[in-house]
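Enquirer: I'll drop the sequence and a predicted model, then ask my questions.
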Amino acid sequence: MTAVRVVGLGASAGGLTVLGEFLAGVPAGSGMAFVVVQHLDPTHKAMLVELLQRSTPMPVRQAAEGMRLEADAVYVIPPNSDLTLAAGILHLEPPAEPRGHRLPINRLFSSLARELSERATGVVLSGMGSDGTLGLQAIKSQGGLTLAQEPESAQFDSMPRSAIDAGCVDIVALPSAMAVEILRVATGQGFSPPLAGSAVDERASLEAVVALLHEHHRHDLSDYKASTLRRRIQRRMDVHGIATTAAYAAFAKQNPHELDMLFKEVLIGVTSFFRDPAVWQELKDEVMPVLISRAAEGAKLRAWVVGCSTGEEAYSVAMIFREVADAMTGVPRTMQVFASDLSADAIAAARRGCYPRSIAADVGEERLARFFVPQGEGYLVDKGVREMVLFAQHDVILDPPFTRLDFLSCRNLLIYFDAKLQHRLLPLFSFSLRPGGVLLLGTSESLGIVQAQYTPISPKSRLYWRSENALPHTMVDFPIGFPRSRGRADQETNVPPQPGNPPANLQSLAEQALLKDHAPPAVLVNAEGDVVYIHGSVGRFLEPASGKANWNIHVMAKPSIRAQVVVGLREAIQAKAPVALRGLRLEGEAPGTVDVTIQPLAEPKALAGLVMIVFSPGLDDPPRRRRGKPGEAGADPRMADELDRWKAEVRALRQEMGASAEELQAANEELQSTNEELQAANEELTSSKEESQSMNEELQSLNSELRSKLDALELAQSDMQNLLNSTEIATLFLDSDLNVRRYTDQIKRIVNLREADIGRPLTDLSTTLVYPGLYDDAKETLRTLSFIEKQVATTDGLWFLVRIKPYRTLANVIQGVVITLIDITASKELESRLRAKQ
């Protein structure tokens, strides 16, 4: 592996000028090697080496197979080749894709990421299309440095703007300033840890940055480990040359774009297909066959991949299911995979399902042929697999979870969260899984407080069965977006409490104890009646309905109080006022009465729109320890009449809701069908756009070469014109029809010519030559290709040697005649004097 820092430069249309500006700004003795890739016409000889050499004193060489990189040198890709780096040596390969589909910049950048990791640098300059974006993402994922030209300064801004929009660019600058920025980062020594006396200030600055991110992106990162946040912030400080966290907080506050860059930096996006192959093999051999075989006939298995990044793991789950299901007979063959991530850019990339050719090493030839389709520079996931996976931007900390799952994968995400958040999420995952479901964690993660609820399949692989009858020993903390009063990013650096002092959260612990033991049971529901939070034991008032799981108050309420609760809920929502139901009679194993209070919530804002339903024992409700047997409570005729009335009303409401649900289902199916058609059309348009952009880039390159050749032709024409004029020989060029095509200035004193005579026949010209057979001789020369030479006098007493020759092109094609007239008047006069002396 080379020790030289390698800088990859990618450009396309309009790139020649900016490449020169970049190289001109490289300081002497930088110690870096520069590899240039530009979209070139494969059928023409490139002059990029000669043109770039004018901009830099460093040697500029055309890359060759097996060439070893040296410091302070520039290497240029040759035409019709792909250029990569391995073990410090350049390698050339013929392009595998047809013209219009080649992405040589991505190919080079990806090889730099694999070879050099954090010492790789990628630069995207002016050009059309999006070549270079995936390559910069690869470099950034390995900790390398990425730069892009300021789009406003680019002649064609598509390439740099695509990279910037993808969030994979560390520095956006002018080409002339980029080399200095690269050197500054490459030679930086990082930052020293804060002094002990500044620990409080450092924590405050860190909280300030987290608060800015929360305000800008509406996502609270205070539950991330402080060490993780510090590393990511330090990297951004290194990029901008900022020495302290407080200064960086001030800088980020004034630059919203920097907050976007930091937010993307914090989101960990390291993933690959079938990562840890032994885990996936065990999932295929031991787990998936059991899940499929025990599912009810026609049932669809449900899976959730938390923190899916760009989708590789979610697609891996779908592929494993397809492989197992296709090998089994007489069992359900469908699965819905939900894949979520906080990053909108990662979700967009996952939905596209397009990955570079480097995935072949992770996927294997068999799966590659079965589940992928070659496309451009990489592979596209098969449509059947893509339709199995539903991607969604989702915050696992704040957003409601997916439920009734058969499989849940959360690998290498919990390790970035602090202990308190892990203790909140693990019970939530247990709630999301069906009994008998499977949980998959990362190699560095453990079950923690929910260990009793799982049976390990293999401790090494971190695969666990959800126990069939296990109940959470702690209350599930549903994520409903409660605002946090302060950041918690400093938990790792908190000063431990002094012995004898009460803990800082004494009030919170006391309130939790009071709520647990003395507050009445209650549920929190939304406007549709779906239960989003349960407090206390509500089993006396609510029970799950048989059949498909349904967490709605309309079906969970006990039959004896269901009608009154449902109608009261509707009244409370419509009136936006609390409704109290007194003395509702309970039947069954625990008879008695219950008072129900239904309270719409407006504060805090996080709970706005939700409704709290509180169950309090009625005044005539006997104590629990003296609970009688069923049937001992006396019947109340008035309550029975009222109950019948409410039941009739509820029955009508259910019929109305059923009809509405069917209409909504039909509308949803139509929308899904329309969405699929639009998605297919969008994919076709995107493919056509990329092809058009690629062709446009080649046309731009060809146009530049043609312009260069046209300049050369104009120069050659000027040289020829000056040469002809310097010989002082009158010359007349005629085309195949003996029409004037070109002439020299000397011919004007013999033949009356001007610019407007270009294209006129020879017979229309007036001349001083006493040569009536000029046209016939020219015609004869054109016919026989013979050379004619005659001495001809003029009407003003001059003599000329007239030569008529065929006009031959470089391809040896006759395209007219050339008539030259050489002044021999002096020779004739001398000849006359000599004869006179004789």
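Expert: Arrived safely. Residues are numbered from 1 along each chain as shown.

Enquirer: Thr56 and Leu23 touch, don't they?
Expert: Yes: if you go by C-beta atoms under 8 Å, Thr56 and Leu23 touch, sitting 4.0 Å apart. For glycine as for every other residue, the C-beta is placed from the backbone atoms N, C-alpha and C.

Enquirer: so what sits against both of these two?
Expert: Val74 (C-beta atoms under 8 Å, 6 or more residues apart in numbering).

Enquirer: More neighbours: which of these two?
Expert: Leu23 (23 against 20; other C-beta atoms under 10 Å).

Enquirer: just checking, next helix/strand downstream of the helix ranked longest in the chain?
Expert: Secondary structure of the chain per DSSP state H: the longest helix is helix 637-727. For helix 637-727, the following helix or strand on the C-terminal side (DSSP states H and E) is strand 730-734.

Enquirer: Show the subsequent helix or strand relative to the helix or strand of the chain with the lowest mean pLDDT.
Expert: Between all helices and strands in the chain, the lowest mean by mean pLDDT, DSSP states H and E belongs to helix 506-518, at a mean of 64. For helix 506-518, the following helix or strand on the C-terminal side (DSSP H and E) is strand 522-525.

Enquirer: Quick one: mean pLDDT for the helix or strand following that next one?
Expert: Per DSSP H and E, the first helix or strand lying C-terminal to strand 522-525 is strand 531-535. The pLDDT scores in strand 531-535 average 87.

Enquirer: mind listing what strand 531-535 pairs with, with the direction of each?
Expert: strand 522-525 (antiparallel) (DSSP bridges).

Enquirer: OK, contacts around the closest residue to Ala24 other than its chain neighbours?
Expert: Sequence neighbours aside, Ser55 is the residue nearest to Ala24 in space, at 4.8 Å (criterion: C-beta to C-beta, 6 or more residues apart in numbering). Residues in contact with Ser55 (C-beta under 8 Å, 6+ apart) are 19-21, 23-24.

Enquirer: wait, which of the residues you listed is closest to Glu691?
Expert: Set against Glu691, the nearest of those by C-beta to C-beta is Leu19 (25.3 Å).

Enquirer: you'd agree that closest one is up against Val7?
Expert: No: using C-beta under 8 Å, Leu19 makes no contact with Val7, being 11.9 Å away.

Enquirer: Span of stretch 782-792 from start to end?
Expert: Start-to-end span of stretch 782-792 (C-alpha to C-alpha, to the nearest Å) is 20 Å.

Enquirer: quick one: it to chain centroid distance?
Expert: 73 Å (C-alpha atoms, centre = their mean, to the nearest Å).

Enquirer: same deal with stretch 146-161?
Expert: 17 Å.

Enquirer: and it, which residues are buried?
Expert: In terms of neighbour count (16 or more other C-beta atoms under 10 Å), stretch 146-161 has its buried residues at 146-149, 151, 153-161.

Enquirer: Kindly report the same for stretch 552-566.
Expert: In stretch 552-566, counting by 16+ other C-beta under 10 Å, buried: 553-558, 560-566.

Enquirer: Over to stretch 315-334?
Expert: Quick answer for stretch 315-334 (16+ other C-beta under 10 Å): 315-322, 324-325, 332.

Enquirer: give me the beta-bridge partners of Leu440?
Expert: Ser409, Leu463.

Enquirer: Number of residues surrounding it?
Expert: 25.

Enquirer: residues in contact with it?
Expert: 279, 283, 407-411, 461-464.

Enquirer: ditto for Ala86
Expert: Neighbours of Ala86 in contact, by C-beta under 8 Å, 6+ apart: 111, 115.

Enquirer: Just grab the bridge partners of it for me.
Expert: For Ala86, the beta-bridge assignment (DSSP bridges) gives partners Ile89.

Enquirer: any idea of the pLDDT on it?
Expert: Looking at Ala86, the pLDDT reads 85.

Enquirer: Report the buried residues of stretch 761-773.
Expert: Buried, per 16+ other C-beta under 10 Å, within stretch 761-773: 762, 765, 767-769, 771.

Enquirer: er, stretch 132-149 actually
Expert: For stretch 132-149, by 16+ other C-beta under 10 Å, it's 132-142, 144-149.

Enquirer: Out of the residues you listed, list just those in strands.
Expert: Secondary-structure check on these using DSSP state E: residues within strands are 145-149.

Enquirer: which one of the residues you listed sits closest to Leu398?
Expert: Relative to Leu398, the closest of those is Thr146; by C-beta to C-beta it sits at 30.2 Å.

Enquirer: Tell me who's in contact with the closest residue to Pro520 other than its chain neighbours.
Expert: Of all residues not flanking Pro520 in the chain, Ser616 sits nearest, at 4.8 Å (C-beta to C-beta, 6+ apart). Residues in contact with Ser616 (C-beta under 8 Å, 6+ apart) are 520, 594-597.

Enquirer: Quick check: phi and psi on the residue lying closest to Arg54 once chain neighbours are set aside?
Expert: With sequence-adjacent residues excluded and distances taken as C-beta to C-beta, 6+ apart, Arg54 is closest to Gly20, at 7.3 Å. Dihedral pair for Gly20: phi -60, psi -40, per degrees, to the nearest 10.

Enquirer: Make 627 the starting number, not 1.
Expert: Noted, 627 is the first residue going forward, which turns the last one into Gly646.
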